[in-house]
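Chemist: Quick one, structure for this:
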Amino acid sequence: MSRQKKDTGEVPERQAGECVEEQAPECGAVPQAPEAIVPEEAGEETCGPAAELAAAKEALAQKEDQYLRLAAEYDNYRKRTQKEKADAYTNAKADAVVAFLPVYDNLERALKQETGDEAYKKGVELTMAGFKEVLAKLGVEEIPALGETFDPNRHNAVMHVEDESAGASTVVEVFQTGFQCGEKVIRFAMVKVAN
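Modeler: Predicted coordinates:
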């Protein structure tokens, strides 16, 4: 007896790795589309050139960010050290000038004294002029005080007087000359302020 297969329309089960030939659909039967391969998670990228490109772009963006941060840090460091150098020079110059200011004060007092010796007086005047010239070359200048409005950032008021002929907060007398180097005050001017 020969056994004939009866067509029931069922698809035989496939074993893993087993190749089965596709059978042509019978007349009137609707062919079924093979199931699409769907990644396990919808947001997950598949492997391939697109994934490698995205990873390379992300790595490049990180490196660019690191480079920009490093460049900004270096620029800040350069500016900070440049400012520190300039400040160190200004501070050293100010310290040197402060050491010589007592000599300036003594010369100033000597010029205010009356003397009959014209040669002596002329010598002190020339010495004071030379001293002022050296200070000017160093960028050190006197702080204007007499007749100026009192400025607590440049003047040190040690006396106060009521004087109707002077304006309000006006410096009427200078006891000690003040000096500044650029914007840095080396020594405040010691003054008497009216009103």
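
Chemist: most centrally placed residue in this protein?
Modeler: With distances taken as CA atoms, centre = their mean, Asn76 lies nearest the centre of the chain, 5.3 Å away.

Chemist: Now do the strands in this protein.
Modeler: With DSSP state E, the ranges of strands along the chain come out as 140-142, 155-161, 170-176, 179-181, 184-187, 189-194.

Chemist: Between strand 155-161 and the last one, find me the angle.
Modeler: Using axes from the mean of the first three to the mean of the last three CA atoms, to 10 degrees, the interaxial angle of strand 189-194 with respect to strand 155-161 works out to 30 degrees.

Chemist: Let me see the mean pLDDT of the top helix by length along the chain.
Modeler: Using DSSP state H, we find that the single longest helix of the chain is helix 49-112. Mean pLDDT, computed over helix 49-112, is 94.

Chemist: just checking, what packs against that helix?
Modeler: helix 118-137, strand 179-181, strand 184-187 (3 or more CB pairs under 8 Å, 6 or more residues apart in numbering; DSSP states H and E). C-beta coordinates here come from the backbone N, C-alpha and C atoms, glycine included.

Chemist: if you set the cut-off to 6 Å instead, what comes out?
Modeler: helix 118-137, strand 184-187 (3 or more CB pairs under 6 Å, 6 or more residues apart in numbering; DSSP states H and E).

Chemist: you'd agree Val161 is up against Val191?
Modeler: No. Here Val161 lies out of contact with Val191, judged by CB atoms under 6 Å, at a distance of 10.9 Å.

Chemist: More neighbours: which of these two?
Modeler: Neighbour totals were compared for Val161 and Val191, and Val191 leads with 26 against 11 (other CB atoms under 10 Å).

Chemist: residues touching the more buried one, list them.
Modeler: Ala145, His155, Ala157, Val171, Val174 (CB atoms under 6 Å, 6 or more residues apart in numbering).

Chemist: Mind putting those into TSV with neighbour count, distance to Gly130 and pLDDT?
Modeler: Converted to TSV, these look like this (neighbours: other CB atoms under 10 Å; distance: CB to CB, whole Å; pLDDT from 0 to 100):
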residue	neighbour count	distance to Gly130	pLDDT
Ala145	24	23	94
His155	23	27	96
Ala157	15	31	95
Val171	21	27	93
Val174	19	22	94
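
Chemist: Let me know the closest of the residues you listed to Asp117.
Modeler: Ranked by distance to Asp117 (CB to CB), the contacts of Val191 are led by Val174 at 26.6 Å.

Chemist: who's the closest one bridged to?
Modeler: Per DSSP bridges, the residues bridged to Val174 are Val191.

Chemist: Looks like Arg195 contacts Ala168 (just checking).
Modeler: Small correction: residue 195 is Asn, not Arg. Yes. Between Asn195 and Ala168 there is a contact at 4.6 Å, judged by CB under 6 Å.

Chemist: Who has more neighbours out of the two?
Modeler: Between Asn195 and Ala168, counting by other CB under 10 Å, Asn195 is the more crowded of the two (14 against 9).
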